[in-house]
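>>> With the sequence up front, the predicted model follows.
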Amino acid sequence: MNVYDSTRMRDALAVHGYQETSVPSKADVILVNTCHIREKASEKLFSELGRLAREKKKNALVVVAGCVVQADGVEILRRSKLIDIAVGPQNYHLLPELILKYQRKNGRVIRADFPAESKFDYLPIPQKSGASAFLAVQEGCDHFCSYCVVPYTRGCEFSRPMKEIVSEAKALVKAGAKEIMLLGQNVNGWHGDKGKDLGDVIREVAKIRGLKRIRYTTSYPSETTKNLILAHADTPKLMPYIHLPIQSGSNRVLKAMNRQYTVEEYEKVVAAFRKVRPDIAISSDFIVGFPGETEADFEETLKLVERVGYASSFSFKFSARPGTPASLMKNQIPEEIKTKRLMRLQALLLKQQRAFNEATIGKVFEVLLTEKGKGRGQLLGYSPYLQGTVVKAPVSILGEIVRVKVVGASATSLTAELVKQKNG
Ligand code: SAM
Ligand code: SF4
């Protein structure tokens with residue numbers, strides 16, 4: 001979502017004549033987008049500002065955007081004198097205006113309210129896109145998991161209407177996108193048009209000529225509809241991959257987290273996806289060391305992982321976030337126990353990821369080549385199952401979808417060779 005927001009801020013500034021540069025010493029405006037989800041992510045802002053203070057041009061404006069601004073407000077201006085403008089995630093469409101305001105009064109500006117109007121109504125139509133593009137269809141969250149800051153920083157759930165989504169998707173395809181990743185903190189809770197759900201959005205977007213692949217993330221397990229599951233069977237452009245975070249394999253912990261499903265219900269959803277699309281890759285997020293998590297609870301998570309079998313995953317130590325109920329729970333878990341549990345869980349998840357990747361050796365499938373690889377003559381792309389795939393290929397085919405044969409695999413990526421393309 002932050003990558004998407006950053007591209008939208010770039011688009012909003014482009015209308016006013018700004019051009020993107022990745023070299024801070026050349027920039028007139030430096031934009032730092034921030035994440036507040038875990039303490040580590042939040043703290044990155046201040047180390048980044050330290051680096052920028054040394055690199056930036058003397059008069060360059062420093063803008064800090066994102067959830068740290070929303071959560072900490074004027075406190076971040078107090079903490080760093082370098083920041084000229086601070087803007088929350090619901091106000092970034094106003095960035096050009098805020099820059100003018102700063103220049104007019106030559107004073108620091110902060111904007112972090114929840115405006116009544118949608119920022120999407122004010123953002124320009126995208127003119128630029130890579131081969132794979134993000135498109136926000138839903139934002140905010142009403143679930144209030146006891147550990148999470150999202151409902152406070154991104155606000156309550158908002159779904160963009162279907163018409164708006166389709167028109168942005170068409171613009172992205174026109175600008176070069178072959179793949180679109182539909183985004184939302186709770187994407188399968190999309191309810192932008194009465195009586196429709198995310199499955200309908202996917203089918204509508206799939207009608208766009210020139211668009212080859214559709215993905216979506218992140219889904220809340222118990223908001224998965226039959227219609228969405230069926231889209232995996234009837235929409236060939238929808239990739240066989242679902243990110244379905246469970247967080248913990250213990251029902252006791254899930255309840256304390258205020259997750260509104262049980263382990264058994266989660267596994268039923270996984271089985272339903274696998275029934276319509278047996279090859280579907282499943283991934284998840286996990287939190288270890290949630291307050292009160294016992295060794296037995298943690299063992300339940302390991303058992304769940306063994307039963308489901310994940311193609312990839314993200315796992316984190318519980319991070320107490322100010323203002324969340326879990327941060328005030330008494331039975332916090334010591335750091336060294338969290339570390340030990342995380343290492344055990346990650347070893348198992350990595351083993352599964354390696355096995356999933358190795359099972360594709362010898363297979364032929366299509367890869368969307370999205371960027372240059374690290375090695376000379378290498379391009380990096382993504383398999384239908386979202387496996388990073390290194391292919392020896394000329395740079396002239398960057399941005400294309402090509403057929404490859406997988407010749408090698410590690411826990412984190414595949415290596416593949418081009419095979420003769422269908423059209424010769
Ligand atoms: N809405 C998604 C869901 O419910 O699964 C997750 C979105 S959240 C931005 C991404 C992930 O960050 C979560 O799935 C969770 O694993 C992790 N996360 C959120 N708050 C956390 C915290 N306080 N400590 C550790 N991990 C956290
Ligand atoms: Fe945070 Fe996801 Fe829970 Fe919403 S559903 S509160 S975004 S973890």
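Yep, it's here. Ligands and ions are numbered 1, 2, ... in the order given.

>>> Wasn't residue 229 part of a helix?
Yes: per DSSP: H, G, I helix; E, B strand; the rest coil, residue 229 lies within a helix segment.

>>> Neighbours of it, how many?
By other C-beta atoms under 10 Å, the residues close to residue 229 number 19. C-beta: built from backbone N, CA, C; applies to glycine.

>>> Am I right that it is in contact with residue 271?
No: when contacts are counted by C-beta atoms under 8 Å, residue 229 is not listed as touching residue 271 (10.3 Å).

>>> now that we're looking at the residue nearest to residue 118 when sequence neighbours are not counted, how far away is ligand 2 from it?
Excluding the flanking residues, the one nearest residue 118 by C-beta to C-beta, 6 or more residues apart in numbering is residue 158, at 6.9 Å. Noted for residue 158: a distance of 13 Å to ligand 2, by C-beta to the nearest ligand atom, to the nearest Å.

>>> just residue 242 next, same as before
Relative to ligand 2, residue 242 is positioned 15 Å away (C-beta to the nearest ligand atom).

>>> Give me the neighbour count for that residue.
Residue 242, neighbours per other C-beta under 10 Å, totals 27.

>>> Let's verify it: helix, strand, or coil?
Criterion first, three-state DSSP; result for residue 242: strand.

>>> Which strand residues bridge it?
residue 282 (DSSP bridges).

>>> That one contacts residue 219, doesn't it?
Yes: counting by C-beta under 8 Å, residue 219 is a contact partner of residue 242 at 6.6 Å.

>>> What residues does the closest residue to residue 217 other than its chain neighbours make contact with?
Closest residue in space to residue 217, ignoring its immediate chain neighbours: residue 243 at 4.7 Å, by C-beta to C-beta, 6+ apart. Residue 243 is in contact with 217-219, 283-285, counting by C-beta atoms under 8 Å, 6 or more residues apart in numbering.

>>> likewise residue 53?
residue 82.

>>> Just the element for residue 3, please.
Assigned by DSSP states H and E, residue 3 falls within helix 2-14.

>>> Go ahead and measure how far that helix is from the middle of the chain.
The chain centre lies 15 Å from the centre of helix 2-14; the measure is C-alpha atoms, centre = their mean, to the nearest Å.

>>> hang on, isn't residue 187 packed against residue 214?
No: applying C-beta under 8 Å as the test, residue 187 and residue 214 come out as separate, 11.8 Å apart.

>>> shared neighbours of those two, which are they?
Contact criterion C-beta under 8 Å, 6+ apart; residues shared by residue 187 and residue 214: none found.

>>> give me the number of residues near residue 295?
For residue 295, using other C-beta under 10 Å, the count is 9.

>>> Run through who's touching whatever helix or strand comes next after the helix holding residue 3.
Moving toward the C-terminus from helix 2-14, the next helix or strand (DSSP H and E) is strand 29-34. Applying C-beta under 8 Å, 6+ apart, the external contacts of strand 29-34 come out as 2, 5-6, 9, 13, 18, 24, 41-42, 44-45, 48-49, 52, 56, 60-69, 99.

>>> If I take strand 29-34 and helix 2-14, what angle do their directions form?
Between strand 29-34 and helix 2-14, the angle comes out at 160 degrees (axes from the mean of the first three to the mean of the last three C-alpha atoms, to 10 degrees).

>>> and the helix or strand just after strand 29-34, how far from the chain's centre?
Following strand 29-34 in sequence order, the next helix or strand is helix 39-55 (DSSP H and E). Centroid separation between helix 39-55 and its chain, computed with C-alpha atoms, centre = their mean, is 21 Å.
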